[in-house]
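S.K.: Mind looking at a prediction? Sequence and model below.
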Amino acid sequence: MTLSNNQLLEIYRHLHQYPELGLEEFKTHDFLNTVIGQMPQDFLTVKTVTQLPTAILVKVAGRDHSKRIGYRTDIDALPVTEETGLSFKSKHEGISHACGHDIHMTVALGVLSYFADHQPQYDLIFIFQPSEENHSGGMQLYQSGALDEWMPDEIYALHDNPQLPAGAIGCLNGTLFAGTCEIHADFYGKSGHAAYPHNANDMVVAASAFVMQIQSVVSRSVDPIQGGVVTLGHLTAGDTGNVIAGHAHIDGTIRALTQDNNRLMQQRVRSIAEGVALTYGCQVDLTLHQGGYLPVENNPAITADFIDYMSHQTDVNFIETKPAMTGEDFGYLISKIPGTMFWLGVDSPYSLHSEKMAPNTAAIEPGIRAITGYFEHRFNTI
Ligand SMILES: CC(=O)N[C@@H](CCC[C@H](N)C(=O)O)C(=O)O
């Protein structure tokens, strides 16, 4: 049966209460399997992935097997302590669906339940993918080969967007999300007494120099028309005020809309780290990790069809959006399989990853309607 609005809300609330971190989504996996198992099974084949045990792949057999459309949802949560005040808030201490993947999963189940009931023209492949926030789950899934026998001809995914009205569909024919690269830097010097700086090598000073010089990466090295961002969100050094710190640790992220600019910024961050080590006579251990977080480059022809469809539906509130500096490992999948990523508005005053972000669930039903409608249309244009 096609899941009703009440059933979808129940599903959403359950998923919201039991969030799990990337590659640990075992309860989520079991719950999704249970819901999928309650759908009519006539057209469904469910596959687990040995190398990625929390992933689920579902094929809905179409009337014609000559083409396949893929739809991916991510299933992991974030290490964020929820402060939404919702009555069904997270029961997992320190973990929450602050990025709204609970909405993504609910919408995917809604679309799947529709097609389990209404056989599609062509095969549909639903991908319930672990670890979008870290560990490049999309890349791991692709590289595991599990998708090979069901490789879609084109692929779609959504991300919820608190800044858009609930249920609105946002998209852009171009690069929707940035490519990201994690920065992890350790500076090693010599600790000592605060009174004897000449006998020590202060890593608070070295790390501070690194932080300040990083500010020139975007402002001096990146074409201002193209832009980019480097954020250093975490810095720790030392233990107390009267001891010179012998170690500092910094974590951050590089974001750019093109892979060329991402690489350029990685080179600049590396040069600055090495330059600071030379200047301050210390050691630096720098890790730059991009994994599968490539820019999300929407395919021009597929996205033109998607936007054309969405913008002509009287019951779809379509909004053309700008590129965002958020990252997504869907960037890897879309670099291998042409497709389109789009936003689903969830209307919240708080941003993605905020401990207060509570998506408006009124988005779920129009989101499912827009996607099922688009796939029915797409079967005639693919
Ligand atoms: C939509 C969203 O918020 N995605 C995350 C993706 C994380 C990428 C990676 N772990 C990194 O930090 O670079 C984001 O932070 O944009």
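M.R.: Received, thanks.
S.K.: How about the stretch 101-250 of the chain: which residue is closest to the ligand?
M.R.: Nearest residue of the stretch 101-250 of the chain to the ligand, counting by C-beta to the nearest ligand atom: residue 180, 3.3 Å away. C-beta: built from backbone N, CA, C; applies to glycine.
S.K.: residues touching that residue, list them.
M.R.: By C-beta atoms under 8 Å, 6 or more residues apart in numbering, residue 180 lies in contact with 253, 254, 255, 262, 290, 293, 327.
S.K.: Including distance to the ligand, could the residues you listed go into JSON lines?
M.R.: Formatted as JSON lines, the contacts of residue 180 follow (distance: C-beta to the nearest ligand atom, whole Å):
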{"residue": "253", "distance to the ligand": "4"}
{"residue": "254", "distance to the ligand": "8"}
{"residue": "255", "distance to the ligand": "7"}
{"residue": "262", "distance to the ligand": "10"}
{"residue": "290", "distance to the ligand": "8"}
{"residue": "293", "distance to the ligand": "5"}
{"residue": "327", "distance to the ligand": "4"}
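S.K.: List phi and psi for the residue of the stretch 101-250 of the chain closest to the ligand.
M.R.: phi -120, psi 160 (degrees, to the nearest 10).
S.K.: so what pLDDT did it get?
M.R.: pLDDT recorded at residue 180 is 98.
S.K.: what's the answer for residue 1, then?
M.R.: pLDDT, residue 1: 67.
S.K.: same check, this time on residue 382
M.R.: Confidence at residue 382, expressed as pLDDT, is 89.
S.K.: number of nearby residues for it?
M.R.: Neighbour count of residue 382, defined by other C-beta atoms under 10 Å: 16.
S.K.: what does stretch 50-65 rub up against?
M.R.: 23-26, 28-29, 32-33, 36, 43-49, 75, 112, 115-116, 119-130, 137, 140-141, 144, 146-147, 150, 379.
S.K.: In ChimeraX, select just the buried ones from those residues.
M.R.: Burial among the contacts of stretch 50-65 is assessed by 16 or more other C-beta atoms under 10 Å; the matching ChimeraX selection reads:
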select :23,25,28,29,32,36,43,44,49,75,112,115,116,120,121,122,123,124,125,126,127,128,129,130,137,140,141,146,147,150,379
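S.K.: And the helices in the stretch 251-382 of the chain?
M.R.: Assigned by DSSP state H, counting those that start in this stretch, the helices in the stretch 251-382 of the chain fall at 259-280, 300-311, 330-336, 364-381.
S.K.: hmm, I was thinking of the stretch 101-250 of the chain
M.R.: Under DSSP H, counting those that start in this stretch, the stretch 101-250 of the chain gives helices at 101-117, 137-144, 203-216.
S.K.: Need the winner for burial among these.
M.R.: Sort these by mean neighbour count, taking mean count of other C-beta atoms under 10 Å, and helix 101-117 sits at the top with a mean of 25.
S.K.: so that helix versus helix 364-381, what angle?
M.R.: Compare the direction of helix 101-117 with that of helix 364-381 by axes from the mean of the first three to the mean of the last three C-alpha atoms, to 10 degrees and you get 50 degrees.
S.K.: pLDDT on helix 101-117, on average?
M.R.: What helix 101-117 shows for mean pLDDT is 98.
S.K.: That helix near the ligand anywhere?
M.R.: No: applying C-beta under 6 Å from any ligand atom, one finds helix 101-117 out of contact with the ligand, separated by at least 9.4 Å.
S.K.: which residues touch residue 9?
M.R.: Residues near residue 9 by C-beta under 8 Å, 6+ apart: 361, 364.
S.K.: okay, the host helix or strand of it in PDB with CA atoms only?
M.R.: For residue 9, the element it lies in under DSSP states H and E is helix 5-17. Output in PDB follows, covering the C-alpha atoms of helix 5-17 (Å, rounded to 0.1, in the frame of the first residue of the first chain):
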ATOM      1  CA  ASN A   5       0.300  10.800   5.700                       C
ATOM      2  CA  ASN A   6      -0.200   9.500   9.200                       C
ATOM      3  CA  GLN A   7       1.900   6.500   8.600                       C
ATOM      4  CA  LEU A   8       4.700   8.700   7.200                       C
ATOM      5  CA  LEU A   9       4.600  11.000  10.200                       C
ATOM      6  CA  GLU A  10       4.900   7.900  12.500                       C
ATOM      7  CA  ILE A  11       7.800   6.700  10.500                       C
ATOM      8  CA  TYR A  12       9.400  10.100  10.600                       C
ATOM      9  CA  ARG A  13       9.000  10.400  14.400                       C
ATOM     10  CA  HIS A  14      10.500   6.900  14.900                       C
ATOM     11  CA  LEU A  15      13.500   7.700  12.700                       C
ATOM     12  CA  HIS A  16      13.900  11.100  14.500                       C
ATOM     13  CA  GLN A  17      14.000   9.400  17.900                       C
END
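S.K.: Pull up the residues of the chain that are close to the ligand.
M.R.: 99, 133-134, 159, 180, 182, 253, 293, 326-328, 352-353.
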